[in-house]
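Novice: okay, predicted coordinates and the sequence, questions at the end:
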Amino acid sequence: MEGLLEKIAYCVEFGKINKNAPYPPDMKDQDGADELTKQAIDQGINADEILKKGLVTGMEKVGIKFRENKVFVPQVLMSAKAMSTAMEHLKPFFQSGDVKRKGTFIIGTVAGDLHDIGKNLVAMMIEGNGWEVIDLGTDVKSEKFIETLRSYTGSYIGLSALLTTTMVNMEKIVKDIKSEKPDIKILIGGAPVNEEFREKIGADFYSPDPQGAVEYLNKLIA
Amino acid sequence: MEGLLEKIAYCVEFGKINKNAPYPPDMKDQDGADELTKQAIDQGINADEILKKGLVTGMEKVGIKFRENKVFVPQVLMSAKAMSTAMEHLKPFFQSGDVKRKGTFIIGTVAGDLHDIGKNLVAMMIEGNGWEVIDLGTDVKSEKFIETLRSYTGSYIGLSALLTTTMVNMEKIVKDIKSEKPDIKILIGGAPVNEEFREKIGADFYSPDPQGAVEYLNKLIA
Amino acid sequence: MKYKSLVINSTNKLLFGTAPYPVTTPRGLIIGGGHVYPEINFTIPPMEITEKTIPELIPYYKGIVSDTLERAVHLNSEGIIVEFEPLIEMTRYPEIGVQLVKAMNDVCEDFFQVHGMKSELRLTPNDLREFDKPPKQRTSAYLEPMMELFERGANAGGDLLSIESTGGKEVSDDAIMMCDIKKFIFSQAVLGVRDIKMLWGKIVGIAKKTGKIPGGDTACGFANTAMILADRKYIPKIFAAIARIATIVRTLAAIEEGATGPDKDCGYEGPFLKAITGIPISMEGKTAACAHLSPVGNIAAACADLWSNESVQNIKLLSGMAPVAYLEQLEYDTRIMNQAIKDGEDTWLKLQDLFVKSDSYHDPQAFILAPENVITISAEIVKGENYVDATLRGCKKGLELIENAQKEGLLKRDEMEDTWLESLKTELYNMPADEEKLVEDVLPTIDQNKIILSEYGL
Amino acid sequence: MKYKSLVINSTNKLLFGTAPYPVTTPRGLIIGGGHVYPEINFTIPPMEITEKTIPELIPYYKGIVSDTLERAVHLNSEGIIVEFEPLIEMTRYPEIGVQLVKAMNDVCEDFFQVHGMKSELRLTPNDLREFDKPPKQRTSAYLEPMMELFERGANAGGDLLSIESTGGKEVSDDAIMMCDIKKFIFSQAVLGVRDIKMLWGKIVGIAKKTGKIPGGDTACGFANTAMILADRKYIPKIFAAIARIATIVRTLAAIEEGATGPDKDCGYEGPFLKAITGIPISMEGKTAACAHLSPVGNIAAACADLWSNESVQNIKLLSGMAPVAYLEQLEYDTRIMNQAIKDGEDTWLKLQDLFVKSDSYHDPQAFILAPENVITISAEIVKGENYVDATLRGCKKGLELIENAQKEGLLKRDEMEDTWLESLKTELYNMPADEEKLVEDVLPTIDQNKIILSEYGL
Ligand code: B12
Ligand code: B12
């Protein structure tokens, strides 16, 4: 059993989605995260274990390599794809409540702003860490965030802004959300944003990179 | 009579202090602001007129040339010297209350900061415009300003700071003065200071140059 | 493809400050006529932008331009370009943009009258079409305000017209993140080219009507995105280098439609465009470090006719406001270049050589910008039967040059990237060189929710 | 005066990147040994600085240094100098300064171990003596914390020791504002020299004791003050140029006491010091436009061994933090210089010539920095019988060169300044060349409340 979870973690770490996937070349024709996860479930391994010891562990490993600049984004994306493919098999267990994600994180690029590369990376890293991520895309207004919050109570919010002009909108969105739900934790980021600005607009956390956000969120639920 | 005041203004404008002064070379051996002011008083010309139509007018003219980069600082300094020499003759009229300056302006470079070139220029231009200026020098703490304010009630304050680190002290001084005398108008300046910072610390006016300060002060008493 | 051969085909003719087809501006700058001018660009710190705040915005923008021009006068500058890259709202509500153009142009005219200072406004409206999701490249209602700003802005004093257009971005972003060169080429040589032709047809029309200069476009949103990601070690530099080459044809298409240069600063396809078409170009390098770091700080100057800082916020530095400080830096940079031009061909070439050699062996992205390589790659591109073929040829040639230079130990190698060189090669050599086939190949792999193909005439 | 002749007396030996007496640092930089290194300098935005805030200051400073060194590694830099110019409190309470030096040096050592990146800290304590009013140059209680920071800071990793000393400032400020060259020379050649000898005696002693490098001083507080005022058109440029020459002997006096170079960046007396003594020098030009604008953006590089940005606040630009952006700019600047050095004497001289010619005819302050003029003026200076005589000779020669160049139509003239040239000449030619007589002449004209003469041994 240990062996199987380790294999799943390995497939996620190296982005082996399924048997047919050509990538990575040196794992050609071997089972991928997809097949192995199914096998694990069939063998009656606890779904929560599969998630944590298999998938999340694999993502954590690639995450560390990414932080240390030992792999590139496409490699992390392949890992994320391997993970999400495998997750399909775990869906029923989430629905039944046997397995829970760490929590829900709602993220979007603020109104007026279309830059999303950074936001996508943040979303990916948080998702890979075992969180449910709701990505609202770009150019997102207060209402949309608040509306989504209603469906996902108790979740956390992430805002991204790359234009100095849309920082004003970020401020507005933070105020709007806080006046609706004062206890919600709001994380912010994007190139022009900094700690000083966070303080000014009353958001809860700023990080220049995805790692910081992951660590903060994990600490919140610890 | 008109002629005499005009001559005084001319001497101030061109920095002719007195008969003996070698500067400017082309006015060698002519009467200077010193002699002419004495003559004007002797002729019974109203002291207030001498001040406004003579001295201040001269300084205003050189002030305009300075703003337009048509003369250098040493020339303005010579004008200021000519004016202050002439002022000696007006002293009794100030004491008797026959003549009044526009008001009193207290200026200093804030605690921790020794840069004073900019502050000196501001002081000089305001003085030349008919204000009484109390220059507290450099490295000035709140107490000193407040103490001075007690002796000169109804005056205005100017603070200068050139170091980003002493901007913190500027903030403190503004707070201290305002909590003692909420209605006092405080002007601030110096290279790292800007409008945003002024707003933040609750000072009343920021100007990047002496001219702005002069205009603001004159507007206040208008 | 209109261009079948190079306008400049010898390395020692591909030089900064000179272009076969110089562009003369209304106030008398001759861009590409033997002098490199600074192009100053700035943006504003967070501020409310609505029609109501116009009265506050005008003095603010006027202040920046007049401080900058004052410094230019102080330094005896022979002329500068001031780029106005509006913020979104200023294009969305063209009235704002137009009024700012007018206000800034008044300042320029004033300095021209009083000091003889020659300056010229470049107007670069935003490409708003992305705000539709998915974007409607041809039918978007956003095209209207964009074109309104072009036309009214031109009449108000925007003498050079430019844009950073975004056709193909629906596909290119993902392609970059996945380092999928095939998809990336599709985004540029198919989508990009088609979009640019449509858009620049309109812009050139407006330029003709208003008597202004249709400058050019830039692949900033594509190749610079890749460069920035490579800089953070998110993707391999070698991918970013090849992606750069893959953007050339899309920006070239604007020139085929009538753009005359100077192209927009924030891309590095300029040297290739110059070699192929002879237009003058705007480039940015080390002195744009305020806007983004880069591996091409010096080599970017090798063929520049305008030398830009890309963008700096109007914030206070210890010396004064940032745009003034950057104008000063640009002016000093160009002084050396102009002195070299004055000193004659020998010095001119020697200085270029210093720009080139000092950077080109550190990074493949710099390497492909060496004039020699620019000419080699451009010569391959013009052999292309169509835009896809041209792009593929250029990319293959670029990769070959990089590989050889690495093998010879000239160009710095990064071990982490070795496998990427191989996989890029495999992909490039297994790709159709024909638009139809490429489309067929790629379509099934792209998310059809994100793109409307008919908006590209597909 | 110790130096009776020039160490470098031919123009083509007075070059960037090389000095007759190079200085080798602990981590192996050879300053003046054939390579120009960037010197990055930064300061912090408003922040509380007390012994209590040390725990916040340490990670902040470490962060700046490690971001900067990371970029240097990214750019394959061959080494950089990091200057730590403390804020007042950090010298006033040396514990703060020492801890920051230690923290930053740890980062430098780390990068050396992990990446082989050679960096070195320059420690420049503040001259606090001005806080006494009037200053007590020799008996001030402030000398103690200053010397404590020098010694403990050196032991903590401050490998190069420097200061911007302020002896004579009680007189020089007024002299500048009044453009009184006689008084200004008194402040430099009498007060400045005397103060520097006392101060540098101590600093060189500490350097010997701690095994560190006694870098050098700078007349920033004097000649740069004049330059900034001239830049704002507050005083004539020609006065600022002559004032620059008048500062040479005071900074030279530090070398006579044992300073070995590299001198401190923020003055332009460096080239003269190099010609006279052969030490390597640090200079700043266009890429210090973040700290102050200047008329010497390129020419400042002509003889530089270190190339500095003087100072930039650690604020966010669009690209990232300002010190990182400026390190990148400096690195690219020096890449060209180092490439020229590699290419051999011809190219080396040609690049220098571009730096020189591109600036020198715009402004007298630039003109006197042309290597040819530096040598001519320096040769006059070393003929001086004493510091006053030397200074006077230098100033007269400088004025003569300027006047001739203006007459020949080479050097740009500013009509407003013509009368000032004349009056400067008159003053210079009517001044005693002897310390005692000068003191006698000047004393009655200075405000005795502002200065304690015995603190200068007068
Ligand atoms: C790529 C890019 C684009 C692409 C965007 C592609 C895309 N899908 O996102 C395109 C070409 C479309 C584009 C368009 C524009 N852009 Co743009 N763009 C850039 C560029 C070059 C890189 C941005 C990027 O992707 N960086 C890489 C990612 C990974 O970094 P990141 O976004 O900072 O994210 C990281 C962190 O910040 C953090 N993070 C991000 N979000 C969050 C959120 C949370 C919660 C947390 C914890 C962390 C976090 O984690 C991420 C990973 O480490 C920057 C230049 C620069 N130096 O940043 C300019 C830049 C941001 N753009 C700029 C401008 C002006 C524009 C335009 C207005 C141009 C124009 N004239 O039309 C338009 C605006 C469109 C709009 N309305 O948004 C300016 C902004 C200037 C300003 N004052 O605001 C910049 C700075 C360029 C410049 N120097 O002038 N741009
Ligand atoms: C001259 C100068 C000095 C001289 C000061 C001489 C003197 N008597 O003032 C000396 C050499 C002594 C000096 C010392 C130091 N300096 Co100093 N100095 C400068 C310099 C070069 C010019 C300043 C100046 O006089 N400008 C000319 C005047 C006319 O302009 P101004 O002061 O801005 O004033 C104008 C306006 O601001 C306005 N204004 C000014 N005050 C007010 C007030 C009001 C009410 C209003 C309305 C307007 C107004 O009107 C003025 C006229 O237009 C600047 C560089 C620069 N770019 O500014 C550095 C600078 C200010 N100094 C600096 C530093 C670091 C120092 C030292 C700490 C150096 C050291 N390591 O020891 C010490 C600190 C001493 C101390 N405790 O104060 C840094 C500050 C960096 C920072 N983050 O804070 C600067 C920016 C240099 C740099 N680029 O690094 N300095």
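Specialist: Yes, it's here. On a predicted model such as this, the values are computed, not experimentally measured, just so you know. Ligands and ions are numbered 1, 2, ... in the order given.
Novice: list the contacts of the helix or strand residue C:272 falls within.
Specialist: Under the criterion of DSSP states H and E, residue C:272 resides in helix C:270-277. Applying Cβ atoms under 8 Å, 6 or more residues apart in numbering or on different chains, the contact partners of helix C:270-277 are C:3, C:6-9, C:14, C:19, C:21, C:216, C:245, C:248, C:251-252, C:255, C:261, C:263, C:279-283, C:302-304, C:369, C:371, C:374-375, C:377-378, C:381-382, C:394. Bear in mind the C-beta positions are built from the backbone N, C-alpha and C, glycine included.
Novice: what strands line up against the helix or strand just after that helix, and which way round?
Specialist: Remark: after helix C:270-277, the chain's next helix or strand is strand C:282-284, criterion DSSP H and E. Using DSSP bridges, strand C:282-284 pairs in its sheet with strand C:306-308 (parallel).
Novice: is the partner strand positioned near ligand 1?
Specialist: No. For strand C:306-308, no contact with ligand 1 is found by Cβ under 6 Å from any ligand atom; the gap never falls below 10.9 Å.
Novice: and the next helix or strand past that strand?
Specialist: Heading C-terminal from strand C:306-308 (DSSP H and E), you reach strand C:312-313.
Novice: list the contacts of the nearest residue to residue A:112 once chain neighbours are set aside.
Specialist: The shortest distance from residue A:112 to any non-neighbouring residue, by Cβ to Cβ, 6 or more residues apart in numbering or on different chains, is to residue A:166 (4.4 Å). With contacts defined as Cβ under 8 Å, 6+ apart, residue A:166 is in contact with A:110, A:111, A:112, A:113.
Novice: ok, what's across the strand from the first one?
Specialist: Per DSSP bridges, the residues bridged to residue A:110 are residue A:140.
Novice: domains in chain A, as residue ranges please.
Specialist: A:2-96, A:104-220 (automatic domain parsing).
Novice: now the end-to-end length of the longest one.
Specialist: Domain A:104-220 stretches 12 Å from its first residue to its last (Cα to Cα, to the nearest Å).
Novice: how distant is that domain from the center of its chain?
Specialist: Centroid separation for domain A:104-220 versus its chain: 12 Å, with Cα atoms, centre = their mean, to the nearest Å.
Novice: regarding the residue of chain A positioned farthest from its centre, what is its secondary structure?
Specialist: Distance from the C-alpha centroid of chain A peaks at residue A:29, with 28.9 Å (Cα atoms, centre = their mean). Secondary structure, DSSP: H, G, I helix; E, B strand; the rest coil: residue A:29 is coil.
Novice: so which bits of the helix or strand encompassing residue C:427 are buried?
Specialist: Following DSSP H and E, one finds residue C:427 within helix C:418-429. Using 16 or more other Cβ atoms under 10 Å in any protein chain shown as the test for burial, helix C:418-429 gives C:420, C:421, C:423, C:424, C:425, C:427, C:428.
Novice: so what's the second one closest to, chain neighbours aside?
Specialist: What it means is residue C:421. Using Cβ to Cβ, 6+ apart, the closest residue to residue C:421 is residue C:238 (5.5 Å).
Novice: contacting residues for that neighbour?
Specialist: Contacts of residue C:238 by Cβ under 8 Å, 6+ apart are C:364, C:399, C:402, C:417, C:420, C:421, C:424.
Novice: just give me the neighbour total for the residue of chain A found nearest ligand 2.
Specialist: Relative to ligand 2, the nearest point of chain A is residue A:196 (16.5 Å; Cβ to the nearest ligand atom). For residue A:196, the neighbour count with other Cβ atoms under 10 Å in any protein chain shown is 12.
Novice: how near is it to ligand 1?
Specialist: Distance of residue A:196 to ligand 1, computed by Cβ to the nearest ligand atom, to the nearest Å: 15 Å.
Novice: residues from the stretch 201-350 of chain C in reach of ligand 2?
Specialist: Near ligand 2, when you scan the stretch 201-350 of chain C using Cβ under 6 Å from any ligand atom, you find C:318, C:319.
Novice: quick check: closest non-adjacent residue to whichever residue of the stretch 201-350 of chain C sits closest to ligand 2.
Specialist: Closest residue of the stretch 201-350 of chain C to ligand 2, Cβ to the nearest ligand atom: residue C:318 (4.1 Å). Nearest-residue entry for residue C:318: residue D:291, 4.9 Å, with adjacent residues in sequence omitted and distances by Cβ to Cβ, 6+ apart.
Novice: what do you get for residue C:104?
Specialist: Nearest non-adjacent residue to residue C:104 (Cβ to Cβ, 6+ apart): residue C:65, at 4.8 Å.
Novice: tell me which element that neighbour falls in.
Specialist: Going by DSSP H and E, residue C:65 is part of helix C:54-74.
Novice: does any part of that helix sit near ligand 1?
Specialist: No. Applying Cβ under 6 Å from any ligand atom, one finds helix C:54-74 out of contact with ligand 1, separated by at least 13.2 Å.
Novice: remind me what the helix or strand just after that helix packs against, helices and strands.
Specialist: Sequence order places strand C:80-84 as the next helix or strand after helix C:54-74, per DSSP H and E. Judged by 3 or more Cβ pairs under 8 Å, 6 or more residues apart in numbering or on different chains; DSSP states H and E, the packing partners of strand C:80-84 are strand C:37-43, helix C:54-74, helix C:94-115, strand C:119-123, strand C:306-308, helix C:322-342.
Novice: where's the shortest one relative to the chain centroid, distance-wise?
Specialist: Relative to its parent chain, strand C:306-308 has a centroid offset of 11 Å by Cα atoms, centre = their mean.
Novice: which parts of chain A are helices?
Specialist: A:2-14, A:33-42, A:47-49, A:57-67, A:73-96, A:117-128, A:142-151, A:164-180, A:195-201, A:210-221 (DSSP state H).
Novice: would you turn those into TSV with distance to residue C:58?
Specialist: What follows is those, written out as TSV (distance: least, Cβ to Cβ, whole Å):
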stretch	distance to residue C:58
helix A:2-14	56
helix A:33-42	59
helix A:47-49	62
helix A:57-67	46
helix A:73-96	43
helix A:117-128	33
helix A:142-151	30
helix A:164-180	17
helix A:195-201	26
helix A:210-221	40
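Novice: tell me which of those helices is the most buried.
Specialist: Among those, ranked by average contacts under mean count of other Cβ atoms under 10 Å in any protein chain shown, first place goes to helix A:117-128 (a mean of 23).
Novice: who's in contact with that helix?
Specialist: A:56, A:59-60, A:62-63, A:66, A:73, A:76-77, A:79-80, A:83-84, A:105, A:107-109, A:133, A:135, A:138, A:158, A:160, A:162, A:189-191, A:210-211, A:213-214, A:217, C:173, C:177, C:225, C:229, C:234.
Novice: how about a cut-off of 7 Å?
Specialist: A:59, A:63, A:76, A:80, A:83, A:105, A:107, A:109, A:133, A:135, A:158, A:160, A:162, A:189-190, A:210, A:213-214, A:217, C:173, C:225 (Cβ atoms under 7 Å, 6 or more residues apart in numbering or on different chains).
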